[in-house]
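Peer 1: have a look at this fold, sequence not included:
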């Protein structure tokens, strides 16, 4: 392999990309391009369940970076309210749109092939963390969830040792 460079459409790439040094989703999440993300529901759930998961994950990430202020709380509450009254039937679609030149996001929900509703998120910190949740994280769960799992596993292992 060595140091040769691979070119695709006149764009240089390293000869080998390893998952330990480069995180493809992380790179995608930060690329200065317009992003669309479609989440297709495979099991029916209440919108409030999804909204709470989104809220917890985004809030934990904001708090970890000391960016959770009143403005972020208000923006996050609006997103949670957006999902609150929805029912996610199988094959419902949540679409996230992140424009390349704006720190906003548009979230759309559709079910049974009909566009039901949309919301625009204008708080840059909340938008950044939603983007990280789906596109740029190194893990798919929040730090709080990891801590909870570690504590529960530790307790279970301690019980088995007795």
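Peer 2: Right, received. Where do you want to start? Keep in mind the model is a prediction, meaning the values are calculated, not measured.

Peer 1: can you tell me which residues contact the residue at minimal distance from the centre of the chain?
Peer 2: For the chain, residue 133 is the residue whose C-alpha lies nearest the centre (Cα atoms, centre = their mean; 2.2 Å). For residue 133, the contacting residues are 54, 57-58, 61, by Cβ atoms under 8 Å, 6 or more residues apart in numbering. Glycine gets a C-beta too; all of them are placed from N, C-alpha and C.

Peer 1: could you do residue 91 as well?
Peer 2: Going by Cβ under 8 Å, 6+ apart, residue 91 touches 40-41, 111-112.

Peer 1: over to residue 34?
Peer 2: 97-100.

Peer 1: try 10 Å
Peer 2: Counting by Cβ atoms under 10 Å, 6 or more residues apart in numbering, residue 34 touches 97-102.

Peer 1: selecting buried members of those in ChimeraX, what would you type?
Peer 2: In ChimeraX, a selection of the buried entries from the contacts of residue 34 looks like this (16 or more other Cβ atoms under 10 Å):
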select :97,98
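
Peer 1: and the contacts of residue 34, which two are furthest apart?
Peer 2: Across these, the longest distance by Cβ to Cβ is 12.6 Å; it joins 97 and 101.

Peer 1: can I get the contacts of residue 91 in a markdown table with distance to residue 89, neighbour count and secondary structure?
Peer 2: Listed next are the contacts of residue 91 as a markdown table, based on distance: Cβ to Cβ, whole Å; neighbours: other Cβ atoms under 10 Å; DSSP: H, G, I helix; E, B strand; the rest coil:
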| residue | distance to residue 89 | neighbour count | secondary structure |
| --- | --- | --- | --- |
| 40 | 11 | 11 | strand |
| 41 | 7 | 17 | coil |
| 111 | 5 | 17 | strand |
| 112 | 7 | 8 | coil |
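
Peer 1: can you list the residues you listed in TSV and add pLDDT and distance to residue 161?
Peer 2: Output for the contacts of residue 91, formatted as TSV (pLDDT from 0 to 100; distance: Cβ to Cβ, whole Å):
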residue	pLDDT	distance to residue 161
40	90	43
41	91	42
111	91	49
112	85	52
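
Peer 1: one step back: now, which of the contacts of residue 34 sits nearest residue 155?
Peer 2: residue 98 (39.7 Å).

Peer 1: quick check: the closest one vs residue 86, distance?
Peer 2: 21 Å (Cβ to Cβ, to the nearest Å).

Peer 1: mind putting the contacts of residue 91 in TSV, distance to residue 72 included?
Peer 2: Shown next, in TSV, are the contacts of residue 91 (distance: Cβ to Cβ, whole Å):
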residue	distance to residue 72
40	28
41	27
111	28
112	33
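
Peer 1: brilliant, that's me finished.
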